[in-house]
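**Q** Need a 3D model of the following:
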Amino acid sequence: MSSPVRIEVEAAGNLGHVFASRRTPGRTPGRTPGQAEGPAVVLIHGIGASHRYLERLHGVLAESVDTYSIDLPGFGATPRPPQTLTVAEQATYLLGALEQLGVLEFVVVGHSMGTQFAVEAARQQPQRIPHLVLMGPVVNDQRRTVAQQALALGRDCLFFESPSSNALVFNDYLRCGPSWYLKNLRLMMDYNIEEMIAGVRAPVLVLRGEHDPVAPAAWCRRLAARTATAQFLEIEGTGHVVQHNRSVEVADSILAFAFVTAAGSEAPQDLST
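**A** Numbering: from 1, shown residues only. Below is the predicted model:
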């Protein structure tokens, strides 16, 4: 599989980057919508991050399905908007950008704050999102302060992450800058995902790394319980950046959830290992 193609896309008055791996023959950026068989998979990064810590997962998924990773406006190498975009505004950008590329139906996969963008996109245009995957969702309803979140993230980086995942995350944090990070942090802390997810109609997979202190198991189970169609899955031996450190296991879980179950197979309500 060749490297993803980077496409600059302006939508809703903002500019972001879409990294596209398309398997469907003849399917190119800007082509008429509706050519792919079945939905694509779209990956959304968290606060301060970019598509780079999703690259391993993107590569594995792209062997099986059309796959897109997004650098939302203000993150990665994208230009910073004149003002901070709300969670809803980032979701509107995501939906508009993919529509321009002819991606009308897709499985949305968010990590960390990206789970908030994913939930909001599924609420705004539910007809386009048949399945929703939330990896390491935030913010834990029993740890609502910035200090508690910072402590959990620090523990994760020190004890449960690989050197490569830490390098990717910290490099992106530096590129993001403290001012932009803190502005988005307040938005992240104020978004009550446990309330918003109740309005999602699509089946939901809540996924976490076994040792993730940012998204502990009890919190993930509470979140999954907020919707009647949710499943919970735990990946052994890793922390918050589960998609980088266990990319094959995560990709297999996403494909089984979104495509095998969609084909009519029985799916267990709790997939935890």
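**Q** Would you map the helices across the stretch 151-273 of the chain?
**A** Assigned by DSSP state H, counting those that start in this stretch, the stretch 151-273 of the chain shows helices spanning 163-176, 178-190, 193-196, 217-224, 242-245, 247-255.
**Q** Pull the residues that contact the third one.
**A** Surrounding helix 193-196, the residues in contact under the criterion C-beta atoms under 8 Å, 6 or more residues apart in numbering are Thr115, Gln116, Val119, Glu120, Arg123, Pro137, Val138, Val139, Asp141, Arg222, Leu223, Arg226. (Each C-beta comes from the backbone N, C-alpha and C, glycine too.)
**Q** Only the buried subset of those, as a ChimeraX command please.
**A** To isolate the buried members of those in ChimeraX, using 16 or more other C-beta atoms under 10 Å:
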select :115,116,119,120,123,137,138,139,223,226
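**Q** ranking the helices of the stretch 151-273 of the chain by burial, who's on top?
**A** Of all the helices of the stretch 151-273 of the chain, helix 242-245 has the most neighbours on average by mean count of other C-beta atoms under 10 Å, namely a mean of 26.
**Q** Against which helices or strands is that one packed?
**A** On a contact count with 3 or more C-beta pairs under 8 Å, 6 or more residues apart in numbering; DSSP states H and E, helix 242-245 meets helix 55-61, helix 163-176, strand 204-209.
**Q** Give the other helices and strands that the shortest one contacts.
**A** Using 3+ C-beta pairs under 8 Å, 6+ apart, the elements in contact with strand 204-209 are strand 132-135, helix 217-224, strand 230-235, helix 242-245, helix 247-255.
**Q** Name the residues of the third one that come out as buried.
**A** For strand 230-235, the buried set under the neighbour-count rule, 16+ other C-beta under 10 Å, comprises Ala230, Gln231, Phe232, Leu233, Glu234, Ile235.
**Q** what are the bridge partners for the first one, then?
**A** By that I understand Ala230. Val204 (DSSP bridges).
**Q** list the contacts for it?
**A** Counting by C-beta under 8 Å, 6+ apart, Ala230 makes contact with Pro203, Val204, Leu205, Val206, Leu223, Ala224.
**Q** distance of it from Ser165?
**A** As for Ala230, its distance to Ser165 is 26 Å (criterion: C-beta to C-beta, to the nearest Å).
**Q** Now flag whichever of the buried residues of strand 230-235 is closest to Leu255.
**A** Leu233 (12.6 Å; C-beta to C-beta).
**Q** Return the per-residue confidence for the closest one.
**A** pLDDT recorded at Leu233 is 98.
**Q** One more: Ala263?
**A** 49.
**Q** Please apply the same query to the one 5 residues further on.
**A** The predicted local distance difference test score for Pro268 is 40.
**Q** related to what we said a few turns ago, for the helices and strands packed on helix 242-245, give me TSV that also has mean pLDDT.
**A** Shown next, in TSV, are those (pLDDT from 0 to 100):
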stretch	mean pLDDT
helix 55-61	98
helix 163-176	97
strand 204-209	98
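**Q** Distance to Leu255 for these - can I get that in TSV?
**A** Below are those laid out as TSV (distance: least, C-beta to C-beta, whole Å):
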stretch	distance to Leu255
helix 55-61	7
helix 163-176	22
strand 204-209	11
